[in-house]
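Sequence and predicted structure are below.
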Amino acid sequence: MLAERADGPVHGPYQTTSLSDTCKMKSKTKPNGKKPPAEEKKQYLEAEFTKVRVVDFDLKELVMLPREIDLNEWLASNTTTFFNLINLQYSTISEFCTGDTCQAMTACNTIYYWYDERGKKTKCTAPQYVDFVMSLVQKLVTDDDIFPTKYGKEFPNAFESLVKKICRYLFHVLAHLFWAHFKETVALDLQGHLNTLYAHFIVFIREFNLVDPKETCIMDDLSEILCAPAPPAPAAPSSPTSAPSPSSHNHVTER
Ligand SMILES: [Zn+2]
């Protein structure tokens, strides 16, 4: 069934030109006149589910670069944390994400293809794709030349572009979780975690322009709901203790 989607707007991480077309095609009809499969049913957009969160505070404030913290440190720390959390969230449903159930890495009308180190496009199942993503990201975030942990060691010039690459891949995994595994997530009563993780991630990548909006637009309907601005708060930085203290331990001074 999934293989039939190959006639749809197919693209991979490096084929961004077709992405905008995907997003313009919010109508039900594809150019070839076929209806996209299961377009109607987005359980994850139902209010019953979107209202479920595990936190209820201003995510924007949480992701903003705190004073006195180096931008690259902040990006590194958050990116590593998101990698761990998204990996964990995926692991909760990984037994349902198999080569049979998910023959391609799908999210909405999109199929993601993996591109190997030489740029060769590879067709793979969703679990293979996720495995490629997680292995690559694991390799990057534990490479001391890229994510330095020693005091005084510089970040490489390519750091920001690598963070962007990681975030783009992590977005694919999140999108697939909603698109293909929301039911199972609900069955495990983990939708609040998924919603919150997603909203936090989206607010983070928007704050630092880490993923092209053309890439994320396939999930804009959900993002608009989950990332709706919090009620206006008095913008008085009166309380220094309110500075974000996420799980981001200081990445440099340890080890
Ligand atoms: Zn899957």
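Looks like it arrived, so ask away.

Around the ion, pick out the residues from the chain.
Within the chain, the positions lying close to the ion (C-beta under 5 Å from the ion) are 97, 102, 126, 180. To be clear about C-beta, it is placed using only N, CA and C from the backbone, and glycine gets the same treatment.

which non-adjacent residue is nearest the last one?
Beyond its immediate neighbours in the sequence, the residue positioned closest to Ala180 (C-beta to C-beta, 6 or more residues apart in numbering) is Cys102, lying 5.7 Å away.

on that earlier part again, and of the residues of the chain next to the ion, the nearest to Val63?
Ala180 (26.8 Å; C-beta to C-beta).

Test my guess that the closest one contacts Ala104.
No - assessed by C-beta atoms under 8 Å, Ala180 is found out of contact with Ala104, at 9.9 Å.

Residues that sit against both of the two, list them.
Counting by C-beta atoms under 8 Å, 6 or more residues apart in numbering, the shared contacts of Ala180 and Ala104 are Ala126.

Put the alpha carbons of stretch 101-113 into CSV.
Provided in CSV are the C-alpha atoms of stretch 101-113 (Å, rounded to 0.1, in the frame of the first residue of the first chain):
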residue,chain,number,x,y,z
THR,A,101,3.9,-1.9,8.6
CYS,A,102,6.1,0.9,7.3
GLN,A,103,7.6,0.0,4.0
ALA,A,104,8.7,3.5,3.4
MET,A,105,9.6,6.5,5.6
THR,A,106,6.3,8.4,5.3
ALA,A,107,4.8,11.5,6.8
CYS,A,108,1.7,13.0,5.3
ASN,A,109,2.2,12.9,1.5
THR,A,110,5.9,12.6,1.8
ILE,A,111,8.3,9.8,1.4
TYR,A,112,11.8,10.4,2.7
TYR,A,113,14.6,8.6,1.0
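
Buried residues, it. List them.
102-113 (16 or more other C-beta atoms under 10 Å).

Flag the shaky bits of the stretch 1-150 of the chain, pLDDT-wise.
1-40, 54-56 (pLDDT under 70).

at 90 instead, please
For the stretch 1-150 of the chain, the stretches with pLDDT under 90 are 1-43, 46-61, 109, 116-118, 122-123, 149-150.
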